[in-house]
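Asker: quick one, what's the 3D model for this:
(chains A, B, C, D, E and F)
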Number of protein chains: 6
Amino acid sequence: MEKVKTGISGLDEMLNGGIPAGNQVFLCGGPGTGKSTLAMEYLYRGAKAGEKGLFFSLEEDPEQITRIFSTVFSEWKDLKALIDSGQITIAGQESYVHLEKGVGAGTGTTQAYTFSRLTGSIIGLVSDNKVKRVVIDSSNIIKMFFDSDLVFRRTMLGLLRQLKKIGCTTLITGEIHSLGREGFTFEAEHFLADGLIMLYNIQQQEKRLSAIEVLKMRSTAHSRSLTPLKITSSGISVYVGEKVY
Amino acid sequence: MEKVKTGISGLDEMLNGGIPAGNQVFLCGGPGTGKSTLAMEYLYRGAKAGEKGLFFSLEEDPEQITRIFSTVFSEWKDLKALIDSGQITIAGQESYVHLEKGVGAGTGTTQAYTFSRLTGSIIGLVSDNKVKRVVIDSSNIIKMFFDSDLVFRRTMLGLLRQLKKIGCTTLITGEIHSLGREGFTFEAEHFLADGLIMLYNIQQQEKRLSAIEVLKMRSTAHSRSLTPLKITSSGISVYVGEKVY
Amino acid sequence: MEKVKTGISGLDEMLNGGIPAGNQVFLCGGPGTGKSTLAMEYLYRGAKAGEKGLFFSLEEDPEQITRIFSTVFSEWKDLKALIDSGQITIAGQESYVHLEKGVGAGTGTTQAYTFSRLTGSIIGLVSDNKVKRVVIDSSNIIKMFFDSDLVFRRTMLGLLRQLKKIGCTTLITGEIHSLGREGFTFEAEHFLADGLIMLYNIQQQEKRLSAIEVLKMRSTAHSRSLTPLKITSSGISVYVGEKVY
Amino acid sequence: MEKVKTGISGLDEMLNGGIPAGNQVFLCGGPGTGKSTLAMEYLYRGAKAGEKGLFFSLEEDPEQITRIFSTVFSEWKDLKALIDSGQITIAGQESYVHLEKGVGAGTGTTQAYTFSRLTGSIIGLVSDNKVKRVVIDSSNIIKMFFDSDLVFRRTMLGLLRQLKKIGCTTLITGEIHSLGREGFTFEAEHFLADGLIMLYNIQQQEKRLSAIEVLKMRSTAHSRSLTPLKITSSGISVYVGEKVY
Amino acid sequence: MEKVKTGISGLDEMLNGGIPAGNQVFLCGGPGTGKSTLAMEYLYRGAKAGEKGLFFSLEEDPEQITRIFSTVFSEWKDLKALIDSGQITIAGQESYVHLEKGVGAGTGTTQAYTFSRLTGSIIGLVSDNKVKRVVIDSSNIIKMFFDSDLVFRRTMLGLLRQLKKIGCTTLITGEIHSLGREGFTFEAEHFLADGLIMLYNIQQQEKRLSAIEVLKMRSTAHSRSLTPLKITSSGISVYVGEKVY
Amino acid sequence: MEKVKTGISGLDEMLNGGIPAGNQVFLCGGPGTGKSTLAMEYLYRGAKAGEKGLFFSLEEDPEQITRIFSTVFSEWKDLKALIDSGQITIAGQESYVHLEKGVGAGTGTTQAYTFSRLTGSIIGLVSDNKVKRVVIDSSNIIKMFFDSDLVFRRTMLGLLRQLKKIGCTTLITGEIHSLGREGFTFEAEHFLADGLIMLYNIQQQEKRLSAIEVLKMRSTAHSRSLTPLKITSSGISVYVGEKVY
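Answerer: Residues are numbered from 1 along each chain as shown, chains lettered A, B, ... in the order given. You can find the predicted model right below:
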């Protein structure tokens, strides 16, 4: 089975070589655990290896995203060039305009409409740009445009299946309601994905430690260990074989 | 009472010879605990012993399923042949088309319709192929097509009773909201089944350990011990008599 | 006060001689804790002592029930004869047909109708067969035929009062959402009964231990100890005076 | 302030002489904790001291209640005589007929009607019999006749205020969803009462220990200790000053 | 900033001199923790210092309240005189009549009406009697008159703002669903207040210990320690600097 | 990336220089944890450094706010002057009038109207006064004006995006339902913000300790340590490098 290398130090080792091509993966964690950051590095490493990526944000507009990640990863001197040359497409602003219309009006019909435009936008951007790696940041904002959890989940199921059909390997970020590993329960949408990677900020008296864990990844063996993680200005490092506590 | 050997190393010993014929069994666990994998091995071992099986997936299309399990179980050189010769029927794609129609439209009537076609599909595939072993993967996706939990449970009750009437021994996978044994509570649909087998990923500081436990199995004595489990490229091994911790 | 001996080794001792005649008792536990099994032995011991019983199942049809318990209790060579001679009436299939009609249609009226037929069926079977001991297996399936918990509870209250009026001593099984004694909370329907007997599978590291506890029994003193229980092919044994842990 | 002696050994000591006259007290506990039993002894001791009582049951009919308590308290040779002579009025059957009418019909109007008849019945019985001590057993069954918790609580508030106005000192039993002291949370109706007495079955490994605790009692000082309790055939004993554990 | 001395021994020390004038304070605790008692002493001490008070009860009528507190605080020989002379106004009965009308009728309009009359009553009583200190006992009963939590909170917000505007310093009692400090979660209405004082009955094996804690008090520094409290016939004592455990 | 210095001793060090300009930050904690206080100091320090601020309160009117903070921070002799000279604009009373109209009327339309006026007010005040730092105190009161959580969150999302567009750096206070770090779960609105700063009152037997923690801050590295905090009459001090316990 073909693997898509995340290019993130240590993570591919945990995944036995990378994410199986065509997998749709949820990347979950509490606020500030580094979900968007890891997702962007996945695209950056892909772009440097010649694989086009799409960062579809429902949280920020494209210029802001470029600015944020240029700051966070100050050593990635070529990030902006990769974006400018279209190796990484950053979208959000335009789709958000359509979404905004649905707010307030808020009937089921309007929502279906705006969301189908969003799905269409994503699929269109992928085809137009020959994108192989997709990031959707975040599922929580999408959820906010649905009055019914059930309709949200069915729509996510449809979107994930379309992305799989056109061959994308996707990371969807999802913010969860707790920070550590205790007391966490899955949301029904997590069951839809081919993979589930968790990011934690584990409370350790005065400190919080960052860690990553692969709970599920279809079509491959993978590490089942909680593994420490660090974010620096040159990217994320996953310390395979080291202990968190 | 006639027993259906799962053929999975150690599991039949836990079940005192196998699953009583005609039992409808829930196979539950958190994401990545190996539910689909165990379910497929149940069919594979049956097919090799001359008993036809049906893998009815609501998560993947048939080619994808064949590809995934050929990868996971790289030592099963004959899996594809068993599928090609019809010893194992893999279905999903076709029924999913009908289901898709129900999405969005979303009235109770449409849902009943599409789901009755699904039930009809499963029953039809079973009769046409003289199937004895059925896997339905997963109950969570089916649940997503119902607006009401109550209607879902009643429909599941009807499907399980029809499968029993035509003599199938069935594994239905169900993804649950926690990974370990702590804090788990049953869903009402679990009460409908003749058996309940749990798969766990038990958190052990840095690691997660795989384990299996038979909580309920009508018409037979069975092990009541939590038992370690390993998934390798040649199949699942259940280590009866060994300790998890 | 007249007592109905359960005939189950040790349980009558816990109940200070048996269940007070006319008591309607909930028998609760998680999946696989032995509720139906204990309920059937209650009828079997009664039948052998000349008291007629009714096993009203909403889970299986009569032949299946006969087959299951002949297997579980392989030493009860006379069970089938007691059933054939009408000492134990096993019902289910016929009532389930009426119930099935209510499914899908699902209006309050239809449900009331089908359920009143069910109540009528039970009361009719009891009078026709001069039944003294009744088992209803299980309350969860009945609950599934009601859209409203409130209507379910009121209907249960009516059924229990009718059974009491015609002098039956009844066990109603109820599956609960946890296996052990921790974290258990009562359902409102449990408050309707004259007695409440709990069956547990207590998690003990690698093993689960079976135990019984009488939480409530109107009109009699009773044991308040958690007591170990074993199910063998010759019946259930309750080990009064022994420790579970 | 005038006190109504419960006459129960030890309890009056905990209450600094008894229940302040006119207090409406909730007597709460899990199934089988002895609520109805304590409530009956309260009436029995009152009747022997010349104070008339009413036991208003929504759970049993009067003959059954007489029979149960004659069995439980086998040493109370004069209980039946006190009932026959009208010192203790036992009611239930007649009011339950009116209530039954409301079931099924189930409109707000009908419920209000049947319940106002119930309230009327209680108030009527109290005036006709010059009753001073009232027991209502149990609030849970009353709750079952209301579709809305809010309407139930408002109606309870009205009933309690009427009973107070005509000078009754009342015990209302309420079954709660846990057995011990851990994890207990109050229901909103408990806030309506002048007093709150808890009965517990505290889990102690293999055993359950009975205990009583006065959480609230308006217009008097009272014990704040958890106190052991025993039920024998001659009545309830509360062991003030002894330890439960 | 001007302070209103509660006059309760130790509490003013915890509050760094008293409650800042114009603050609207929630006084919360489980049943029997002494909320009404503390609130009454706040008025009694104020009245003795020449500041008029209003005790607005939704739980008892005025005579009953006078009687209860004359009993509880048997050493306050002058309490009745202070009430009779109008230093402390006790209200309840009259407003409760209006409220009663809203019960049963139960439309939003009627409720708004009766509640606006209640608000009007309180504001009227305050102006007519030149009241400075207000007690509302309790918020739970008020909550019971609203079908919607949201409307209740908005109405409370309005009432609190009006009381602040006319210069009152208010204690509103609120009964919470647990007794100790563990597992407590705030209700949204608690966020509306300028202060939050908690009363606890802390479970200590066989005993319950009384304690007080100031969680929030706008416009002043205050103690953050859990402090023991005792209620005697001469009033409440808060033991600043002593330990609870 | 440009940073906005909070000016609060120690906090800027935790934030690696300050809040990234344009970030919209939630400042959360239980009652009495110092949210409004920290928010006001953020404006005060900004104003002294020449950056205009807006304190938009839904809890108090402007004069009251000025009075409260002049009391709390008695050493800030120039606070009133900064407010009078318009360096800090305090608003609330006027907008609250519009909001009040929506209460009671309570239709979706009215709410949308009043809230859009509120949003308009804030945006207007910001432009008119060339404000750079905004405080909204508190999100809980805003939430109370919405019947639907979903509409509240969508509206907050819109407000946050508008504030970002016009270049403000904002602190929105949010009161949460627990005081310590245990058992805390995020609300969906917390996911909308660029940053999340928590204030705690950690229960330590008899005492509560104040502490601060930065859980999330987009576009900057930041401390992940729980850090002690003290509020004195000269402002807040965050003790970077010290331990809480």
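
Asker: where do the helices sit along chain A?
Answerer: In order along the chain, chain A carries the following helices (DSSP state H): A:11-14, A:35-48, A:62-72, A:79-84, A:93-105, A:108-129, A:139-143, A:149-165.

Asker: mean pLDDT for those helices: which is lowest?
Answerer: Across these, helix A:93-105 has the smallest mean pLDDT, namely a mean of 46.

Asker: who are the contact partners of the closest residue to A:Cys168 other than its chain neighbours?
Answerer: Distances taken as CB to CB, 6 or more residues apart in numbering or on different chains put A:Val134 closest to A:Cys168, at 4.7 Å, once the chain neighbours are dropped. For the C-beta atoms, the positions are set from N, CA and C on the backbone; glycine is no exception. Residues in contact with A:Val134, defined by CB atoms under 8 Å, 6 or more residues apart in numbering or on different chains, are A:Gly53, A:Leu54, A:Phe56, A:Ile122, A:Val126, A:Leu163, A:Cys168, A:Thr169, A:Thr170, A:Leu171.

Asker: mark which of the residues you listed are buried, thanks.
Answerer: With neighbours counted using 16 or more other CB atoms under 10 Å in any protein chain shown, these contain these buried positions: A:Gly53, A:Leu54, A:Phe56, A:Ile122, A:Val126, A:Leu163, A:Cys168, A:Thr169, A:Thr170, A:Leu171.

Asker: and the residues you listed, which is closest to B:Pro62?
Answerer: Checking the buried ones among the contacts of A:Val134 against B:Pro62 by CB to CB gives A:Leu163 as the nearest, at 19.3 Å.

Asker: from E:Ala49, how far off is that closest one?
Answerer: Counting by CB to CB, to the nearest Å, the gap from A:Leu163 to E:Ala49 is 73 Å.

Asker: cool, A:Met156 as well?
Answerer: Counting by CB to CB, the gap from A:Met156 to E:Ala49 is 65 Å.

Asker: any idea how far A:Gly235 lies from A:Ser9?
Answerer: Distance, A:Gly235 to A:Ser9, by CB to CB: 7 Å.

Asker: in chain A, which residue sits nearest chain B?
Answerer: A:Lys216 (2.9 Å; CB to the nearest CB).

Asker: burial check on the residue nearest to that residue when sequence neighbours are not counted, number of neighbours?
Answerer: Nearest-residue entry for A:Lys216: B:Gly32, 2.9 Å, with adjacent residues in sequence omitted and distances by CB to CB, 6+ apart. Using other CB atoms under 10 Å in any protein chain shown, B:Gly32 has 22 other residues around it.

Asker: just the pLDDT for B:Gly32.
Answerer: 90.

Asker: correct me, but it touches A:Thr220?
Answerer: No: between B:Gly32 and A:Thr220 no contact is recorded; they are 11.0 Å apart, counting by CB atoms under 8 Å.

Asker: chain F contacts on chain A?
Answerer: A:30-32, A:67-68, A:71-72, A:100, A:103-104, A:106, A:138, A:140-141, A:144-145, A:147, A:175, A:177-179, A:183, A:201, A:203, A:205-210, A:231 (CB under 8 Å from any CB of the partner chain).

Asker: and the residue nearest to A:Lys216, what does it touch?
Answerer: If you count contacts by CB under 8 Å, 6+ apart, B:Gly32 has them with A:Leu196, A:Val214, A:Leu215, A:Lys216, A:Met217, B:Asn201.

Asker: now A:Cys168: how far from A:Ile236?
Answerer: The span separating A:Cys168 from A:Ile236 equals 22 Å under the rule CB to CB.

Asker: next one: A:Leu79
Answerer: The separation that A:Leu79 has from A:Ile236, given CB to CB, amounts to 14 Å.

Asker: also A:Ser148?
Answerer: In terms of CB to CB, A:Ser148 sits 36 Å off from A:Ile236.

Asker: likewise for A:Ser127?
Answerer: From A:Ser127 over to A:Ile236 (counting by CB to CB), the distance is 29 Å.

Asker: more crowded one of the two?
Answerer: Looking at A:Ser127 and A:Ile236 with other CB under 10 Å, you find the greater number of neighbours at A:Ile236, namely 25 against 10.

Asker: what sits against the more buried one?
Answerer: A:Ile8, A:Ser9, A:Leu11, A:Gly34, A:Thr37, A:Leu38, A:Glu41, A:Leu229, A:Lys230.

Asker: is it in a bridge, and if so with what?
Answerer: Each beta-bridge partner of A:Ile236 is listed here, defined by DSSP bridges: A:Ile231.

Asker: wait, A:Ser178 touches F:Thr185, no?
Answerer: Yes: using CB under 8 Å, A:Ser178 and F:Thr185 qualify as a contacting pair, with a distance of 5.8 Å.

Asker: what sits opposite the residue nearest to A:Cys168 in the beta ladder?
Answerer: Going by DSSP bridges, A:Val134 is paired in beta bridges with A:Leu54, A:Thr170.

Asker: so what pLDDT did it get?
Answerer: Reported pLDDT at A:Val134 in the predicted model: 98.

Asker: just checking, the residue of chain A closest to chain B touches A:Phe191?
Answerer: No: contact criterion CB under 8 Å: A:Lys216 and A:Phe191 do not qualify, at 9.5 Å.

Asker: what sits in contact with each of those two?
Answerer: Between them, A:Lys216 and A:Phe191 share the neighbouring residues B:Pro31, with contact defined by CB under 8 Å, 6+ apart.

Asker: list the contacts for the closest residue in space to A:Ile122 that isn't next to it in sequence?
Answerer: Closest residue to A:Ile122 apart from its sequence neighbours, by CB to CB, 6+ apart: A:Phe56 at 5.6 Å. For A:Phe56, the set of contacting residues under the criterion of CB under 8 Å, 6+ apart consists of A:Ala91, A:Gly92, A:Ser95, A:Ser121, A:Ile122, A:Leu125, A:Val134, A:Val135, A:Ile136, A:Asp137.

Asker: just to revisit the earlier point, buried deepest among the helices of chain A, which one?
Answerer: For those, ranked by mean neighbour count under the definition mean count of other CB atoms under 10 Å in any protein chain shown, the leader is helix A:35-48 at a mean of 24.
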